[in-house]
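>>> this one's structure only:
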């Protein structure tokens, strides 16, 4: 009996590990673009899922951004059907809000969420690899957007609808998914956009990472992925501390919420700033920049009578011994 190819064994094990946390008999949805990463994920899932009596469906989103995209989607769905997967193709229109990459991502995730809800799925499986994680960390570093961005993509998260979003291949290199497809005689699609240097992520992939590997030695992608994992561990610890703290220092106020000045000032800067961001996000659904967060923090740590601070969706002001966040009355904010 021929031995199992290493690439096939590695990816099947990664998928088996991810599925182990889901109830037996679940329905799962695989995001299937037709590229090597998602096709390897789909094939490994089709092999592993029946062992746990799971039904597998795939969703292929045709963004209509390239000529012939409908033919690619059709071939991808046909491949999924041959693997024993129930395929679905969804054709969408993509706007340009936040740039084409972001707009396409938002539409795609909306389609996947709707499909998972319609199917009663327990999870959506995404084909992001270790290389994608390394690129994400580098992009976050370049933007200077703090530890949250440097955490990269989470291997698992659950949304408000109870759907789990899983990335089983985050520890797998991109070259391994291509080897899996070759060993499995699966023909995958190479998206021309993945070589289009108009996109920042492509420049990171094709130019920045190779230079880092050449100048600093091999293993850069793995090191970046380890960094993301360590920062997620730190963030989880911080979040636990914040939720324990926030119950004692936050009170509801008219048209908003307030936080104790003394408690904010007494906490280390890292906790203080996270508390401020969490309060604004949870109460008003808005994200603060670093500059905005620090300005709010000064109401507690360096107050000299400065007035209210306008923020996305709200304003912050020092009122006695509390920082009060009040919902904005301007609908444009």
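Happy to help now that I have it. Being a predicted model, the structure only gives us computed values, none of them experimental.
>>> can you pull out the strands in the stretch 151-300 of the chain?
All strands of the stretch 151-300 of the chain, identified by DSSP state E, counting those that start in this stretch, fall at 156-158, 164-166, 250-253, 256-260.
>>> Put together CSV for those strands, with mean neighbour count, mean pLDDT and distance to residue 324 on each row.
C-beta here means a position set from N, CA and C on the backbone, and glycine is covered the same way. Shown next, in CSV, are these (neighbours: other C-beta atoms under 10 Å; pLDDT from 0 to 100; distance: least, C-beta to C-beta, whole Å):
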stretch, mean neighbour count, mean pLDDT, distance to residue 324
strand 156-158, 12, 92, 32
strand 164-166, 21, 96, 36
strand 250-253, 14, 85, 5
strand 256-260, 20, 92, 4
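>>> Show me the one of those that comes nearest residue 11.
Nearest to residue 11 among the strands of the stretch 151-300 of the chain is strand 164-166; the distance by C-beta to C-beta comes to 13.8 Å.
>>> So in that sheet, which strands flank the closest one, and in what orientation?
strand 123-125 (parallel), strand 156-158 (antiparallel) (DSSP bridges).
>>> can you list the strands of the stretch 151-300 of the chain in a markdown table and add distance to residue 96?
As requested, those are exported to a markdown table (distance: least, C-beta to C-beta, whole Å):
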| stretch | distance to residue 96 |
| --- | --- |
| strand 156-158 | 27 |
| strand 164-166 | 25 |
| strand 250-253 | 39 |
| strand 256-260 | 34 |
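>>> Could you list the single helix or strand in the chain with the lowest mean pLDDT?
helix 147-150 (a mean of 72; mean pLDDT, DSSP states H and E).
>>> Just give me the longest strand of the protein.
Determined from DSSP state E, the single longest strand within the chain is strand 55-62.
>>> For that one, give the mean pLDDT please.
For strand 55-62, mean pLDDT is 94.
>>> all numbers from here: first residue = 44
Happy to do that; since the first residue is 44 now, the last one works out to strand 98-105.
>>> I would like the residues contacting it, please.
Taking contacts as C-beta atoms under 8 Å, 6 or more residues apart in numbering, the residues outside strand 98-105 that touch it are 69-77, 85, 88-89, 92, 112-113, 115-116, 119-120, 123, 127-135, 150-151, 154-155, 158, 162, 164.
>>> could you point out which element follows that strand?
Next along the chain after strand 98-105, taking DSSP states H and E as the criterion, comes helix 112-125.
>>> check contacts around residue 308.
So residue 308 contacts 315, 343, 344 (C-beta under 8 Å, 6+ apart).
>>> ok, now with 7 Å
343, 344 (C-beta atoms under 7 Å, 6 or more residues apart in numbering).
>>> now do residue 194
Per C-beta under 7 Å, 6+ apart, neighbours of residue 194: 271, 274, 275, 278.
>>> Outline the domain layout of the protein.
Per automatic domain parsing, the domain ranges recorded for the chain read 49-263, 297-370.
>>> Give the burial count for residue 205, as a bare number.
9 (other C-beta atoms under 10 Å).
>>> Could you measure from it over to residue 67?
Using C-beta to C-beta, to the nearest Å, residue 205 is found at 17 Å from residue 67.
>>> same question, residue 97
From residue 97 to residue 67 the distance is 7 Å (C-beta to C-beta).
>>> still on that earlier bit, among the contacts of strand 98-105, name the buried ones.
Among those, the ones that count as buried by 16 or more other C-beta atoms under 10 Å are 69-77, 85, 88-89, 92, 112, 115-116, 119-120, 123, 128, 130-133, 150-151, 154-155, 158, 162, 164.
>>> Show me the strands in the stretch 44-193 of the chain, by range?
Under DSSP E, counting those that start in this stretch, the stretch 44-193 of the chain gives strands at 70-74, 98-105, 129-134, 166-168.
>>> Export those as TSV, with columns for distance to residue 372.
Below are the strands of the stretch 44-193 of the chain laid out as TSV (distance: least, C-beta to C-beta, whole Å):
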stretch	distance to residue 372
strand 70-74	41
strand 98-105	39
strand 129-134	39
strand 166-168	38
